[in-house]
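Participant: just the structure for this:
(3 chains)
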Amino acid sequence: MDKNDKSSKGQQGININVLKQGLCTGCSACVNLCPSMEYYKDKTILLHDCNLDKGRCFTYCPRAPTDFEMLRRELFDPEDMVLELGSFKGLYMTRATNENIRTGAQHGGTVTALIQLALAQGIIDEAVLADNNDLLLPSAQPIADEDEVLEKARSKFVVSPTVSAFNRISRAGEGKIGVVATPCQAQALTKMKVNPVLEDKLRMEKLKLVIGLFCGWALDWRKFQKLMKEKAGDFKIKGMDIPPSNHACMEVYTIKGTIKVPIEEISNCVRDDCSYCFDMTCEFADISVGSARSKEGWDVDKGWNQLIVRTSKGAQLLALAREKGVLEFKKVPDNNIEKLKKASARKKHACLMNLAQKTGNWDDLIYIDSGDPVVRHIRGMNFGQQ
Amino acid sequence: MLEAKKDFEALLMGNDAIARGALEAGVNVVTGYPGTPSSEIVEQLAKVAEESNLYVEWSVNEKVALEVAAAGSYARLKSMCVMKQVGVNVAADSLLHIAEYGTRGGLVLVSCEDPGALSSTNEGDSRPYAKMMEFPLLEPGDFQEAKDMAKWAFELSEDIRNIVMLRSVTRLSHASGNVIMGELPKDRPKAAFEFSSIPMDQMKGPILAFPTLVDPLRRRQLEKLSKAEKIFEGSPFNKYTGPAKPELLIITSSVCKLYVQEALDILGLWERVGLLKLGTTWPLPSKLLEQHLGICEKIFIVEEGTPFLEDNIKALAAEKAKQVGIKTFFGRKDGTLPPVNELNPDLLIKGINFILGESYQFVSDEYKAKALEIIAAGAPVRELTFCPGCPHRASFWLINSALKLDNRAGFLCGDIGCYSLGAGPCGFSTIKILQAMGSGMGMASGFGKLDKFGMTQPIMAVCGDSTFFHAVIPALVNAVHNRSDMILVVLDNSGTAMTGFQPHPGSPSGAIGTRLPVLDIEKLCNSLNVRVEMGDPFDLKGTRETMLDLLEDGGNPRVLILKQPCALSPIKKGQKMYEMAIDANLCLADLCGCNKLCTRVFKCPGLIWDTQKEKVRIDEVLCTGCGVCADICPAKAIKA
Amino acid sequence: MGKKLSCDPYNLIIAGVGGQGNVLASRVVGDMMIHQGYKVTIGETFGASQRGGSVMSHLRISARGGFSPQMPKGKAHMVVALEPMEAIRVLATYGNPKVKALCNTRPIQSVGVICGDQIYPEKKHIIQWIESLCANAGFFDTTKQALDLGDSIFGNIMALGALAATGDLPMPLNIFKTVISKKVVPAKIATNLKAFGIGMELIKDKK
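Facilitator: Residues are numbered from 1 along each chain as shown, chains lettered A, B, ... in the order given. Next comes the predicted model:
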């Protein structure tokens, strides 16, 4: 086969249309399916050439041409569709009732509480979570024990090989699996679930829950690690956060205290492929969770989460959480939906601009169908001077 | 064949004939560094070292080999130093000084060259050294001459008291023909180095290359060259065959003589063409040449390598233009013969016909066309590959994987040995630079210093164990001292595998088989105070971790020694580590999830893709049971 | 000197793949000829033979000698191929309408074939191709008989037996015995003689 065949639906297609285009997000959907693709640090690596003209790597890749509208139809109730936010059954502000969870978690501990609940209730037998062993370079681990969930609870700014870990355990074990996923990872899982290649049908039935994470971008490990070495030296990093502010900084918490890194320096470390992302709120999940925003300010907000319920399964889980008292709720400020829609649309618009700039053609958006209704909606919006 | 009696006629390989010639000359000290097509000479002499009272050594490199042989000569022994063409470049500095001073016991340098680069990375021609450094050069034209001229080279060396180069080529060294044996001498000389006289006393003074001595030394050297030329004028190794007034005079040397003879036989042109075959090609026998240049206007110079004879005979013809007249020259420079690659009788037939305006066709175009059609359909090229169970396949698998995973466009500088194939498909095209012995490490040392110019690619170099000793040590020392950011991977397969397991300083015995101290590569590297890791290329998982960790640990030179004996090595041959088996039910074959990784990518010849069953199977005969493919199979279908 | 050669020089090519005992076979023929007073030149390409490459020996047998170790193109009188694809390769360069061939039909697959990149041609095609390039071709598969003798490598000696049976070259059994006795360990002499004998019968059966 011609090595430069753009129409390949196998590894060559991935290489030409995704890796070489700089679109790969490191979601790791193509890893642990075959020996030719591997994950190292935070990158997907084409280790051995494969000449098959069709492959699961291409089929599941969220950056290979994807019919998102079809995925939405398969996964969600058309009644729930909100163009900027995806399927929407409600927006909530929540936090874990258990204070231990909140202390150990990044913000309100909602994800941790929900996963613990799903495990305890037998909704899932195993959860795939990004590991916490190395904050700069998370790996992904399956967890079956509720208490262990807490140990994985902090935000990671570098992508973790979550889908590859799902691939591994879904091929091996028998149990029901839940995954905490970034938007690209959730998209990959959805492509797998909706349209599995024959031999993956059985294992995809094991996927019972996807809790999505809002995501603006991820950092490139090599660049970020270099920056952290400059800023924090050899001090152990306990955590990181980016509080909302007009003079935004990343706060890096070390045993020596907090180091503030100007956001421009962090921006330089953002993965290039994130600028081609069409999804901020993790639309292809049962529940999507992000940080909270309110008039009470960051000191209060940082102890809370904002949460979108997308599927009835998500709604049931949230209801169960309320019933069991594992989550506390508070009223969502009135204009939060609009703010969220605007932020999400902004990201979508930037993505489309960047893709169109790459191809020089608004009708060729590489992996996104230019006729997609959301695309058409976003293109029609006026963002003014940005 | 080396024990054969006088007048016995035997089928000898060119290299055996040279070895026999050296024995007939009474050689005492034999040194060399292995290299195709030269290695058999030292090997044959090593076999008879004991009964013939020889000292034979495989030296660490060609320069040292020449120095060791020169020591023999300075102690009044007959010494021979053997190498392939590239080795002469390594030895060149010492060669210049040895030639300037001269010799005591006979000293012969044998350079076996490889026109057409049949098993080399170049077509090096060492003959210009003879002119540049002013010593005699001999080129045998057949198997008998290989023996006779090897013997005569020692006599000539002792006659003029200087080093003599004997140049062979692959088609002589590795071809065979009838050779009639001569007498083997019985005398056993005693070695001693004398330094009692003044430096200019060649046989008894100290041997000193002082600036003040250069003038008299070079004058003496030129006198030796003149003496050699006088001897060459009457040498039976220079021979004219043909009519007194030919239409065309062909001047040739080396094995080309056989090509010309064959071409003239086939064309039936002996009546019209004369052949002057030269065995002594530097200094040129000018009177002999003057005499023959005079008999004919058209001169066709036929030689393997660069236009060495062509240029020098043209210069001579210009000098003697008054006596010999104006000539028209044909050769490699005017396109009568191709400017590169080895010659053969067909090229000679074509060249001679071109000059004489004749034509010749033996096989019809129809037959040729049919043959071409069939070969295109029926005989795909046999690609070179690593042997089944070769540790290099696993090593390159690892290096290739590590560099790809590391994902910073890192690359591998290669070196000379079996592992040069690491640049090809069997080594996953991992090597990106391949030149001379030791140059991979030297260049890695250089690339590793380019960070200040924004170069961020990780640099790796590989070398074999023999190459490590031969030329890598100085380059590694350079990298350590200059703090170059690179990784040297030593592929230690316990011997000089490419050329047939000659020992090296890391081996427990030498050429003759005596036990010798072993130099430990790990200890040597540790003494440089750099990070040194050991690994087994067959331990894919562990060694990959080590490699990835070394790649992250930048800033300084690091060394990884991958130890696993060659699959053909005497210590391993015939023993299987594992009995491999296939579970065909588990084999994913060409499905997504594997796509024949073992046969399509890993490509060990011990694994066969069964096109009927569409599964992999083990070739029981070829498989050496190294077990590596079991770790490569993603479905665990290959079991060790 | 033995009986007169059918041609002078008699141009023989022995072709095969590394590991088939090609070099030994050519040396045995060479020594047998020298033993009878002929002049022989053998040109060999075995630089990369251990690594799966094609191996080819050019034998030039003559009463007067002085022949090139590289045979001129199209000049072979006989091609002995230990592997069928190698027969085609050799015939394409050194063959002519009068050439004869003796060919072991058991293939040794190249890396390209092993890994599925290339397809090894079918036996009937190979035979057809070889016959179309030769005046006379004999085919045999010695693998089984050689393995019965203990090693597939005895196929090389069997091929020499077949060559002897053609009568094109003077290769009497007693001279084979003299020569092989100097080349192999005493324990193996009998097996080699047996292999030579088997080889002498190979072609008679077929044609």
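Participant: and the closest residue to chain C within chain A, what element?
Facilitator: For chain A, the residue closest to chain C is A:Asn51, as judged by Cβ to the nearest Cβ, at 9.8 Å. Yep, even glycine has a C-beta here, placed from its N, CA and C like the rest. Using DSSP states H and E, A:Asn51 sits within no helix or strand.
Participant: please name the residues that touch it.
Facilitator: The contact partners of A:Asn51, taken as Cβ atoms under 8 Å, 6 or more residues apart in numbering or on different chains, are A:Met1, A:Gly10, A:Gln11, A:Gln12, B:Asn595, B:Arg600.
Participant: likewise for B:Ala49?
Facilitator: The contact partners of B:Ala49, taken as Cβ under 8 Å, 6+ apart, are B:Val30, B:Tyr55, B:Val56, B:Ala511, B:Ile512.
Participant: measure the residue of chain A closest to chain C to B:Arg393 for me?
Facilitator: Between A:Asn51 and B:Arg393 the computed distance is 20 Å (Cβ to Cβ, to the nearest Å).
Participant: tell me which helix or strand A:Thr112 sits in.
Facilitator: Going by DSSP H and E, A:Thr112 is part of helix A:110-120.
Participant: nearest to A:Val18 among the contacts of B:Ala49?
Facilitator: B:Ala511 (56.9 Å; Cβ to Cβ).
Participant: and that closest one, how many neighbours?
Facilitator: Look at B:Ala511: counted by other Cβ atoms under 10 Å in any protein chain shown, it has 25 neighbours.
Participant: wait, doesn't it sit right on B:Ser59?
Facilitator: No: judged on Cβ atoms under 8 Å, B:Ala511 makes no contact with B:Ser59 at a distance of 9.3 Å.
Participant: excluding sequence neighbours, find me the nearest residue to B:Glu290.
Facilitator: B:Lys320 (5.0 Å; Cβ to Cβ, 6 or more residues apart in numbering or on different chains).
Participant: dump the residue contacts of the one you found.
Facilitator: Counting by Cβ under 8 Å, 6+ apart, B:Lys320 touches B:Ser286, B:Glu290, B:Leu293.
Participant: okay, residue 24: pLDDT?
Facilitator: In the absence of a named chain, chain A is used. A:Cys24 carries a pLDDT score of 97 in this model.
Participant: wait, chain C was what I had in mind.
Facilitator: In this model, C:Leu24 carries a pLDDT of 92.
Participant: can you check C:Gln50 too?
Facilitator: So, for C:Gln50, pLDDT stands at 56.
Participant: and for A:Lys3?
Facilitator: Value listed for A:Lys3 in the pLDDT field: 57.
Participant: before we move on, back to that, by neighbour count, which of the contacts of B:Ala49 wins?
Facilitator: Highest count within the contacts of B:Ala49 by other Cβ under 10 Å belongs to B:Val30, 33 neighbours.
Participant: against which helices or strands is the helix or strand of chain C with the lowest mean pLDDT packed?
Facilitator: When the helices and strands of chain C are compared on mean pLDDT, DSSP states H and E, helix C:111-114 comes out lowest with a mean of 80. When contacts are defined as 3 or more Cβ pairs under 8 Å, 6 or more residues apart in numbering or on different chains; DSSP states H and E, helix C:111-114 sits against strand B:607-610.
Participant: just checking: what are the partner strands of the strand it packs on?
Facilitator: The pairing partners recorded for strand B:607-610 under DSSP bridges are strand B:615-618 (antiparallel).
Participant: other residues contacting the partner strand?
Facilitator: Applying Cβ under 8 Å, 6+ apart, the contact partners of strand B:615-618 are B:580-582, B:584, B:587, B:589, B:596, B:598-599, B:606-610, B:637-638.
Participant: of these, closest to A:Gly360?
Facilitator: For the contacts of strand B:615-618, the residue nearest A:Gly360 by Cβ to Cβ is B:Lys596; the value is 39.3 Å.
Participant: list the contacts of the closest one.
Facilitator: Neighbouring residues of B:Lys596 by Cβ under 8 Å, 6+ apart: B:Ala589, B:Asp590, B:Trp609, B:Val616, C:Cys115, C:Gly116.
Participant: any stretches of chain C with poor pLDDT?
Facilitator: Low-confidence segments of chain C (pLDDT under 70): C:1-3, C:46-52, C:204-207.
Participant: what ranges do the strands span in it?
Facilitator: Using DSSP state E, the strands of chain C run over C:10-17, C:39-45, C:54-62, C:78-81, C:100-104, C:136-140.
Participant: what's the angle from the second one to strand C:54-62?
Facilitator: Here strand C:39-45 runs at an angle of 170 degrees relative to strand C:54-62 (axes from the mean of the first three to the mean of the last three Cα atoms, to 10 degrees).
Participant: quick one, phi psi at whichever residue of the stretch 451-600 of chain B sits closest to chain C?
Facilitator: Chain C sits closest to B:Thr599 of the stretch 451-600 of chain B, with a gap of 4.4 Å, by Cβ to the nearest Cβ. Main-chain torsions, B:Thr599, degrees, to the nearest 10: phi -90, psi -30.
Participant: what about it, how many neighbours?
Facilitator: When counting by other Cβ under 10 Å, one arrives at 24 neighbours for B:Thr599.
Participant: for B:Leu225, what are its contacts?
Facilitator: Residues near B:Leu225 by Cβ under 8 Å, 6+ apart: B:Glu134, B:Phe135, B:Pro136, B:Ile160, B:Asn162, B:Pro283.
Participant: repeat that with 7 Å
Facilitator: Neighbouring residues of B:Leu225 by Cβ atoms under 7 Å, 6 or more residues apart in numbering or on different chains: B:Glu134, B:Pro283.
Participant: wait, is it part of a helix?
Facilitator: Yes: assigned with DSSP: H, G, I helix; E, B strand; the rest coil, B:Leu225 falls within a helix.
Participant: from the rest of the structure, what touches stretch A:192-209?
Facilitator: Residues contacting stretch A:192-209 (Cβ under 7 Å, 6+ apart): A:56, A:59-60, A:71, A:74-75, A:118, A:123-124, A:170-171, A:175-179, A:189, A:286, A:313.
Participant: next, the buried residues of that stretch.
Facilitator: Within stretch A:192-209, the residues that qualify as buried are A:Met192, A:Lys193, A:Pro196, A:Val197, A:Asp200, A:Arg203, A:Met204, A:Lys206, A:Leu207, A:Lys208, A:Leu209, counting by 16 or more other Cβ atoms under 10 Å in any protein chain shown.
Participant: what's the answer for stretch B:220-230, then?
Facilitator: Residues B:Arg220, B:Gln221, B:Lys224, B:Leu225, B:Lys227, B:Ala228, B:Glu229 are the ones in stretch B:220-230 that count as buried (16+ other Cβ under 10 Å).
Participant: how near is the first one to B:Glu158?
Facilitator: Going back to what we said before, that points to B:Arg220. Computed as Cβ to Cβ, the B:Arg220 to B:Glu158 distance reads 16 Å.
Participant: my guess is A:Leu52 contacts A:Gly10. True?
Facilitator: Yes: judged on Cβ atoms under 7 Å, A:Leu52 makes contact with A:Gly10 at a distance of 4.3 Å.
Participant: give me the phi and psi angles of residue 12.
Facilitator: Assuming you mean chain A. Dihedral pair for A:Gln12: phi -60, psi -40, per degrees, to the nearest 10.
Participant: oops, chain B please
Facilitator: Dihedral angles (degrees, to the nearest 10) for B:Leu12: phi -120, psi 140.
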